[in-house]
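*Asks:* Please work out how this folds:
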Amino acid sequence: MTDHHQAPPDHLVINVQHRDDPVSLVTEADALAASRTYGKIVVRGPLFGIAEQRRGERPRWRLLTDMDTGYPQDARDALNSYLWFKAKDETDDPRERRVLLDAVARLETEPLNELTVGDTRYRVVRADEFARTGQGRLEPPRATDADSEGWDFLPRTPSNTKGFVVDHAAAVGLTEGLDRMGLVPVSYTSDRFPPDVLADSRRALRTHPGLVLLPVVFRVMEHKEKSWSMASSQHPTPQDARRSLVYYLKTYLPMTGEVDEREAAVYARAADSFMRRVRSNELLVRGRRFEIARIERMMRIGPAGPEGPRRSDVDDQGPTKIHPTMDEWGNVDSNNG
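*Replies:* The predicted structure follows:
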């Protein structure tokens, strides 16, 4: 007989918890207002990173990277480096170092998406990046999004993704719970995707029916006639993205020779004007429209945890040796790179 009182598995549970503290109430109201204005989503495509699961932490996983690379092999290379430096700097035990270096050696020759080293499982994990749209624009930062101050790049704002715990059953507020339920059935549908990509996206709804939202990040986006293009990497706060836009206009464009001296001065004046505004999220210059966009990422979860790369994901790079050879005593062969 079926035990109807048995709790459902964690990857099928969305644990919504009422929160009545002032900050949560304002955040919920801000999210509700944004959903009315920016009611559609645009999925850009996959991002990859590395997650770890230590003994005793199951079923939770912890992200080791920022989930900001577009190719699985870049994530594998990040794991290669992570384990190499762990062997170099975090142990004096030759046996433990040997185990770590054996894992590095495998990653130098095998396109592994999962690897167990000692008591820890490592996995290449996948998330889809998307933005909300409405009224002809991408959703800008919300008033309740964490922000930073000033125009100096240093010190850097700490990552809000690295260290994030992927726990499908963790309690969330009402709005996030509703968001997750609404996103669960979302798959790729655009005819710009090849048939195998569309098929894998539909298949993931069955194999990984759960869904977790990662911390929000921000990008500089340039609005084209019928689309948007990325003009920056992802940033943990809107102000970090604004700084990136100023750098692009005042330093990057002249450095690359894309604009002459006269045009460079126009872009520099536009950047200076942008910096004098208070938390501005849009800039028009020379017929170009730049926006600071609020970017979200959804990670699908199955019975065994976060989804890994799909067969149809672009994965043309091969594994390679990244760091010099090291022995179990920590000696690095600088002539063998």
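
*Asks:* in stretch 29-39, what's buried?
*Replies:* In terms of neighbour count (16 or more other Cβ atoms under 10 Å), stretch 29-39 has its buried residues at A31, A34, S35, Y38. C-beta here means a position set from N, CA and C on the backbone, and glycine is covered the same way.

*Asks:* who touches it?
*Replies:* Stretch 29-39 is touched from outside by R132, T133, G134, Q135, L138, E139, R142, A143, T144, T175, E176, D179, with contacts defined as Cβ atoms under 8 Å, 6 or more residues apart in numbering.

*Asks:* Could you pull out the strands in the stretch 101-250 of the chain for me?
*Replies:* 114-117, 120-134, 137-138, 165-166, 210-213, 217-223, 228-230 (DSSP state E, counting those that start in this stretch).

*Asks:* Run through this structure and note the low-pLDDT ranges.
*Replies:* Scanning the chain for pLDDT under 70 picks out the ranges 1-5, 336-337.

*Asks:* Would you tell me which helix is longest in it?
*Replies:* As assigned by DSSP state H, the longest helix anywhere in the chain is helix 72-89.

*Asks:* And the contacts of that helix?
*Replies:* 48-50, 64-65, 69, 97, 100-101, 103-104, 107-108, 111-113, 115, 117, 122, 124-126, 309, 313, 315, 317-320, 322-323, 326, 330, 332.

*Asks:* Quick check on those residues: which are buried?
*Replies:* Looks like the contacts of helix 72-89 have 48-50, 64-65, 69, 97, 100-101, 103-104, 107-108, 112-113, 115, 117, 122, 124-126, 309, 313, 315, 319, 323, 326 buried, using 16+ other Cβ under 10 Å.

*Asks:* So which of those belong to helices?
*Replies:* R97, L100, L101, A103, V104, L107.

*Asks:* excluding its backbone neighbours, what's nearest the fourth one?
*Replies:* Looking back up the chat, that one is A103. Among residues not flanking A103 along the chain, V117 sits closest, at 4.6 Å (Cβ to Cβ, 6 or more residues apart in numbering).

*Asks:* Also the second one?
*Replies:* For L100, ignoring the flanking residues on the chain, the nearest one in space by Cβ to Cβ, 6+ apart is A87 at 3.9 Å.

*Asks:* do the same with the last one
*Replies:* Spatial nearest neighbour of L107, chain neighbours left out: N80 (4.3 Å); criterion: Cβ to Cβ, 6+ apart.

*Asks:* For the spatially most central residue of the chain, give its distance to S187.
*Replies:* Nearest to the mean C-alpha position of the chain, by Cα atoms, centre = their mean, lies M67 at 3.4 Å. Distance from M67 to S187, counting by Cβ to Cβ, to the nearest Å: 20 Å.

*Asks:* Please enumerate the helices of the stretch 151-300 of the chain.
*Replies:* 174-183, 195-207, 238-247, 253-256, 261-276 (DSSP state H, counting those that start in this stretch).

*Asks:* okay, these, which one's buried deepest?
*Replies:* helix 238-247 (a mean of 22; mean count of other Cβ atoms under 10 Å).

*Asks:* which secondary structure elements does that one contact?
*Replies:* Contacts defined by 3 or more Cβ pairs under 8 Å, 6 or more residues apart in numbering; DSSP states H and E place helix 238-247 against strand 217-223, helix 261-276, strand 288-302.

*Asks:* centre of the chain versus the second one, how much separation?
*Replies:* Think helix 261-276. On the basis of Cα atoms, centre = their mean, to the nearest Å, helix 261-276 sits 31 Å off its chain's mean C-alpha point.
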